[in-house]
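Engineer: Sequence first, then the predicted structure, then my questions.
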Amino acid sequence: MQLPQEIEAGLIQNKTNLLSLSPEDKMLVGSSGYTASDRSILFDAIIALSLGKNVLLKGPTGSGKTKLAETLSHLFSKPMHSINCSVDLDAEALLGYKTIVEKNGKNSIEFISGPVINAMKKGHLLYIDEINMAKPETLPVLNGVLDYRKMITNPFTGEVVKASAGFGVIAAINEGYVGTVPLNEALKNRFVVIDVPYIQGPHLKMVLSNQTMLKNEALLNQFVALSADLIVQVRNGQISEEAASVRALIDTCDLAVYLPPIRAIQRGIIEKLEDEREKAAIQNIAETLFE
């Protein structure tokens, strides 16, 4: 798919701005590498971000949502400030905190900006991972950031922060994952939603070939077949989503360069699970494919 000329021009312009970034900010620019089975996923995400929309990546764990966010950071040549949500997430983790610092022999209180404030002030990207892991009462502080105002009154300093040009928000959600809560509709309505399914078939083989040390064609094909079988089991409710994670499969392929395939699968996938029935099911699939 060919990007519209004006959006392509914007991406090119962003690349020239890389030179003016500090060394610390350059480290926050993501790397490319996301491979989609449906090219519209990346295309639509680029369009939405270019239009100033907030993008919500929705999909099973290990389907590549974080890698997609990093690829967008790379394509836009923008540093990406990340938040990993949990039930312990609070406003300080989002916005920043006050601390006592010593200057010229005197103590003073100074505010240390968090990822939200930093991304807004610098016109960078903000990535909120597993946003539905956060407690519902924590997220309303972001409402002004995520709507047309792109503004927030910092409750710790009273400062009104207006997002600089280029600021964008990407969030990721694992639906139905243990510990998650349904995303508030008012919050979800502030996003453009893009479904990120598991990568399969030739596209998965390309990812494994490019991102792992495994180069044996026969083994790569077997691991692609293993992934397909695991995804079927996930969809049938027989095993949990993390068992079909591309991230886990990449680890397993690396191990398979030096370990027998079945042992690599045990270390990279099976032993991460808690349920003995799930472990046995995956062991049976592995023994069938790699006997």
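Structural biologist: Perfect, I can see it now.
Engineer: which residues does the residue nearest to the spatial centre of the chain contact?
Structural biologist: Nearest residue to the geometric centre of the chain (C-alpha atoms, centre = their mean): residue 66, 2.0 Å. Residue 66 is in contact with 127, 129, 172, counting by C-beta atoms under 8 Å, 6 or more residues apart in numbering. Yep, even glycine has a C-beta here, placed from its N, CA and C like the rest.
Engineer: Can you read off the pLDDT for residue 64?
Structural biologist: Residue 64 carries a pLDDT value of 89.
Engineer: Quickly note the distance from it to residue 282.
Structural biologist: 20 Å (C-beta to C-beta, to the nearest Å).
Engineer: re earlier: nearest to residue 26, out of the contacts of residue 66: which one, please.
Structural biologist: Set against residue 26, the nearest of the contacts of residue 66 by C-beta to C-beta is residue 127 (16.5 Å).
Engineer: Show me what the longest helix along the chain packs onto, helices and strands only.
Structural biologist: In terms of residue count, the longest helix belonging to the chain (DSSP state H) is helix 217-235. Helices and strands touching helix 217-235, by 3 or more C-beta pairs under 8 Å, 6 or more residues apart in numbering; DSSP states H and E, are helix 201-211, helix 246-256, helix 261-268, helix 276-289.
Engineer: Before we move on, what's the pLDDT of the residue of the chain most remote from its centre?
Structural biologist: Centroid-distance maximum for the chain: residue 105 at 43.0 Å, with C-alpha atoms, centre = their mean. pLDDT for residue 105: 78.
Engineer: swap in residue 16?
Structural biologist: Reported pLDDT for residue 16: 88.
Engineer: what's the answer for the one 4 residues further on, then?
Structural biologist: According to the prediction, residue 20 has pLDDT 87.
Engineer: got it, and residue 8?
Structural biologist: 91.
Engineer: just to revisit the earlier point, next, format the helices and strands packed on helix 217-235 as a markdown table and append mean neighbour count and mean pLDDT.
Structural biologist: Below are those laid out as a markdown table (neighbours: other C-beta atoms under 10 Å; pLDDT from 0 to 100):
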| stretch | mean neighbour count | mean pLDDT |
| --- | --- | --- |
| helix 201-211 | 16 | 92 |
| helix 246-256 | 21 | 95 |
| helix 261-268 | 19 | 96 |
| helix 276-289 | 15 | 95 |
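Engineer: Buried residues of stretch 100-118, list them for me.
Structural biologist: Neighbour-count burial for stretch 100-118 flags 113-118 (criterion: 16 or more other C-beta atoms under 10 Å).
Engineer: And the strands in the protein?
Structural biologist: Secondary structure of the chain (DSSP state E): strands located at 54-58, 80-84, 96-103, 106-113, 125-129, 151-153, 160-162, 168-173, 191-195.
Engineer: Using PDB, list the CA coordinates for the first one.
Structural biologist: It stands for strand 54-58. Output of strand 54-58 as PDB, limited to C-alpha atoms (Å, rounded to 0.1, in the frame of the first residue of the first chain):
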ATOM      1  CA  ASN A  54      -4.800   7.900  19.600                       C
ATOM      2  CA  VAL A  55      -4.200   4.300  18.500                       C
ATOM      3  CA  LEU A  56      -5.300   1.300  20.600                       C
ATOM      4  CA  LEU A  57      -3.700  -2.000  19.600                       C
ATOM      5  CA  LYS A  58      -5.900  -4.900  20.500                       C
END
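Engineer: Show me the helices in the stretch 1-150 of the chain, by range?
Structural biologist: With DSSP state H, counting those that start in this stretch, the ranges of helices along the stretch 1-150 of the chain come out as 5-17, 23-26, 40-50, 65-75, 91-95, 115-122, 143-146.
Engineer: So which elements touch the second one?
Structural biologist: It stands for helix 23-26. Packing partners of helix 23-26 (3+ C-beta pairs under 8 Å, 6+ apart): none among the helices and strands.
Engineer: List the buried residues of it.
Structural biologist: residue 25.
Engineer: Residues in contact with that helix: which ones?
Structural biologist: Contacts for helix 23-26 (C-beta under 8 Å, 6+ apart): 18, 79, 122, 124.
Engineer: same question for it, mean pLDDT?
Structural biologist: For helix 23-26, the mean pLDDT works out to 94.
Engineer: How far does that helix sit from its chain's centre?
Structural biologist: Remark: helix 23-26 is offset 20 Å from the chain centroid, using C-alpha atoms, centre = their mean, to the nearest Å.
Engineer: List the buried residues in stretch 226-239.
Structural biologist: Buried residues in stretch 226-239, counted by 16+ other C-beta under 10 Å: 226-227, 229-231, 233-234, 239.
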